[in-house]
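Student: Dropping a prediction and its sequence here:
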Amino acid sequence: MSRRVHRSLWVWLGAGLAFLYIPIISLVIFSFNSSKLVTVWAGFSTRWYGSLFHNEQILDAAGLSVRIGLISALLAVVLGTMMAVALARFGAFRGRAILSALSTAPLVMPEVITGLSLLLLFVALEQAIGWPAGRSAMTIIIAHTTFSMAYVAVVVQSRLAGMDPSIEEAALDLGARPGKVFFVITLPLISPALVSGFLLAFTLSLDDLVISSFVSGPGATTLPMVIYSKVRLGLSPEINALATLMVAIVGAGVVIAGIVMNRAEKARIRDEQMALAGDDLPATDPGSPA
Amino acid sequence: MSRGSQLPLGDRLAAGPRGITSALAQLPPLRLLLNALARLPLSGHHAVIGLPYLWLGLFFLVPFVIVLKISFADQLIAQPPYSSLVDLATEGYISLKLNIGNYTFLGSDPLYFNAYLKSVEIAFFSALICLVIGYPMAYAMARSDPAWRGVLLMLVVLPFWTSFLLRVYAWIGLLNNNGIINNVLIGLGLIQEPIVMMRTNFAVYVGIVYSYLPFMILPLYSTLEKMDLTLLEAAEDLGCRPLKAFFTITLPLSPPGVIAGFSLVFIPALGEFVIPDLLGGTETLMIGKVLWDEFFSNRAWPIASAVAIAMLSLVVVIMVAQKMLAKYAGAER
């Protein structure tokens, strides 16, 4: 239901959205500036995109970041889903309160603390058992999995909470083993949450500067670390070009994911309604002669 | 549950197909361990609970114990640059040496205390500004045509999906002395000299409010959208003016969203490093940046750990306060 609100509120909403988008739009516009002075317009050019694609340092870092993002997002989805299933479906078990606290704590932890504490853990582990030998992409993957699995758990848990448990119960009553029920019934139903959890974990990993800086070693320089070292020295038109590409990819990805998930959701609801309608059919004329 | 039909995990391990497993299992300590495991009724359930537990225990809980430990260590010029707390003394005694010097140092140098206070101040006022900007936005969204709500929601969330670092970078281009805002103002003839905005507290506020505004809008929106609008209609039917209806009905029903939004902005802003580092100047010393500098520039791991513990205690206090407030707000209704 919508209600009439004062016109000034719409102006406020529009201004607020403009505030959110003007910086991004300015990045995009000035990525096509031919001048090396980023904020002084000197004519249209795509030269910075050309030089971006010849910048080995940025390309290597982007490749590494994507690999770290994919692996850590995958691990985060597996571990986060396990955590969500345990919290949402297993009822009361010993240690549930601690697991529940552990599942939200990484969300509110300041990044500098997470980064510092994980680095100190890796150093202590290396001293004690010789693993991990030095810091590398692997230590970054572990760190990213640790904080993003909490985000996945939140997303999946809310999906599980909104799901009708009677289908799972029916399968259990019919003798399906819990593992089978999970893979055949629960997993397909929560798959939209798994997709958004994966995308969220991947984005968080791709974007993380602080934690990566703490736990990475020589040779493992991620994209945000390269961007940060360049940005500290001042504005760079290549970074504008990179930002534009990332905005384009993310924007397209989010819009496509939104449309696909919306369609899947509508199809699911339609199927459920059809199934319900189908159940009703014989009931309308019980015991009719064939 | 697959109990009964299968051997417990411990037995399966002990009766492993490979000879080496059974040979190893003969070793006394390992046999004890396997026997202990065999007595546990392990199953799929336990794996589902145990794996995340193990991961978060190892990579989330244990690290804090280590931070706490190192915050009591001495600074050493070594690799790693801190002393060990537990020493095997000559007579076989284990001596535990706690050095609270790092904490007294934090207390004695005004730099740390000022950074601490400044972080709280900046985080608090940023959250307040987000609330003032975000509430009317969330209100308009929640009262808009339902067909538009999804689009508006997407517009608010979308910036969050693009790189945080690059969005902060964008503000350098806008706020610089020869940046876009100054160029436009000079071009319009409104000012002669550029306004200094970069490397000031103002820039830090702009950066934080800009980055965390969506975190304020989302919980406010979901609270306002769930509101029972028939209450407002009833008030109107009884002759209540819209503004009065807002203050007597809508606003008192808002606290859950306000509390959630406020803490979602306040807590990350408190430990923020990127924004004060890129947009702030020497006057904006925030605790997250102090920790970073102690660690990376001074290699003072024990001091950095002590800063982390001090910051963590603040976060815990805020979390507890938020829980209590939320409970209070919930009980009010």
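Tutor: On my side now, so go ahead.

Student: Can you name the residues that contact the nearest residue to B:S263 once chain neighbours are set aside?
Tutor: What sits nearest to B:S263 in space, not counting adjacent residues and going by Cβ to Cβ, 6 or more residues apart in numbering or on different chains, is B:Q322, at 4.5 Å. Where C-beta positions appear, they are placed from N, C-alpha and C, glycine not excepted. Going by Cβ atoms under 8 Å, 6 or more residues apart in numbering or on different chains, B:Q322 touches B:259, B:262-263.

Student: could you dump these to JSON lines with pLDDT, distance to A:I167 and secondary structure?
Tutor: Output for the contacts of B:Q322, formatted as JSON lines (pLDDT from 0 to 100; distance: Cβ to Cβ, whole Å; DSSP: H, G, I helix; E, B strand; the rest coil):
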{"residue": "B:I259", "pLDDT": "91", "distance to A:I167": "35", "secondary structure": "helix"}
{"residue": "B:F262", "pLDDT": "93", "distance to A:I167": "39", "secondary structure": "helix"}
{"residue": "B:S263", "pLDDT": "89", "distance to A:I167": "36", "secondary structure": "helix"}
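
Student: With respect to B:K244, which of those is nearest?
Tutor: B:I259 (24.3 Å; Cβ to Cβ).

Student: what residues does the stretch 1-150 of chain B put near chain A?
Tutor: Contact residues, the stretch 1-150 of chain B versus chain A (Cβ under 8 Å from any Cβ of the partner chain): B:1-2, B:44-45, B:48-49, B:51-53, B:55-64, B:66-67, B:70, B:80, B:133-134, B:136-137, B:139-141, B:143-146.

Student: All the strands of the chain, in order from the start?
Tutor: As the question left the chain open, I've gone with chain A. Under the criterion DSSP state E, chain A contains no strands.

Student: wait, I meant chain B there
Tutor: Using DSSP E, strands in chain B cover B:86-88, B:94-96.

Student: looking at those strands, which one has the lowest mean pLDDT?
Tutor: Among the strands of chain B, strand B:86-88 carries the lowest mean pLDDT, a mean of 50.

Student: any low-confidence regions in the chain?
Tutor: Just going to use chain A. For chain A, the stretches with pLDDT under 70 are A:1-4, A:278-290.

Student: ah, I was thinking of chain B
Tutor: By pLDDT under 70, the low-scoring segments of chain B are B:1-43, B:76-80, B:83-98, B:331-333.

Student: can you rerun that using 50?
Tutor: Residues of chain B that meet the criterion pLDDT under 50 lie in B:1-25, B:88-92.

Student: Residue of it nearest chain A, please.
Tutor: B:G271 (2.4 Å; Cβ to the nearest Cβ).

Student: Not counting its own residues, what contacts stretch B:212-224?
Tutor: In contact with stretch B:212-224 (Cβ under 8 Å, 6+ apart) are residues A:16, A:19-20, B:126-127, B:130-131, B:133-135, B:137-139, B:141-143, B:153, B:156-157, B:159-160, B:250, B:253-254, B:256-258, B:260-262, B:264-265, B:268-269.

Student: which residues does A:V66 contact?
Tutor: A:L206.

Student: Filter the contacts of stretch B:212-224 down to the buried ones, PyMOL style.
Tutor: A single PyMOL command selects the buried members of the contacts of stretch B:212-224 (16 or more other Cβ atoms under 10 Å in any protein chain shown):
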select buried, (chain A and resi 16+20) or (chain B and resi 126+127+130+131+133+134+135+137+138+139+141+142+143+153+156+159+160+250+253+254+256+257+258+260+261+262+264+265+268+269)
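
Student: Relative to A:A128, which of the contacts of B:Q322 is nearest.
Tutor: B:S263 (37.0 Å).

Student: Find the nearest non-adjacent residue to whatever residue of the stretch 1-150 of chain A ends up closest to chain B, please.
Tutor: At 2.4 Å from chain B, A:P110 is the closest residue in the stretch 1-150 of chain A, using Cβ to the nearest Cβ. Leaving aside its chain neighbours, A:P110 sits nearest to B:G271 (2.4 Å; criterion: Cβ to Cβ, 6+ apart).

Student: From A:V156, how far off is the one you found?
Tutor: Distance, B:G271 to A:V156, by Cβ to Cβ, to the nearest Å: 26 Å.

Student: Buried ones from the residues of the stretch 1-150 of chain B next to chain A, can you make that a ChimeraX selection?
Tutor: Selection of buried members from those for ChimeraX, criterion 16+ other Cβ under 10 Å:
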select /B:45,48,49,52,53,55,56,59,60,62,63,64,66,67,70,80,133,134,136,137,139,140,141,143,144
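
Student: For chain B, see how far away A:M246 is.
Tutor: 6 Å (Cβ to the nearest Cβ, to the nearest Å).

Student: can I assume B:N176 is in contact with B:T200?
Tutor: No - at 11.9 Å, B:N176 does not count as touching B:T200 under the criterion of Cβ atoms under 8 Å.

Student: Pick out whichever of the two has more residues nearby.
Tutor: Counted by other Cβ atoms under 10 Å in any protein chain shown, B:N176 and B:T200 do not tie: B:N176 has more neighbours, with 22 against 17.

Student: Could I get the phi/psi values of the more buried one?
Tutor: For B:N176, the backbone dihedrals (degrees, to the nearest 10) come out as phi -50, psi 160.

Student: if I look at it, how far off is B:L278?
Tutor: For B:N176, the distance to B:L278 - Cβ to Cβ - is 12 Å.
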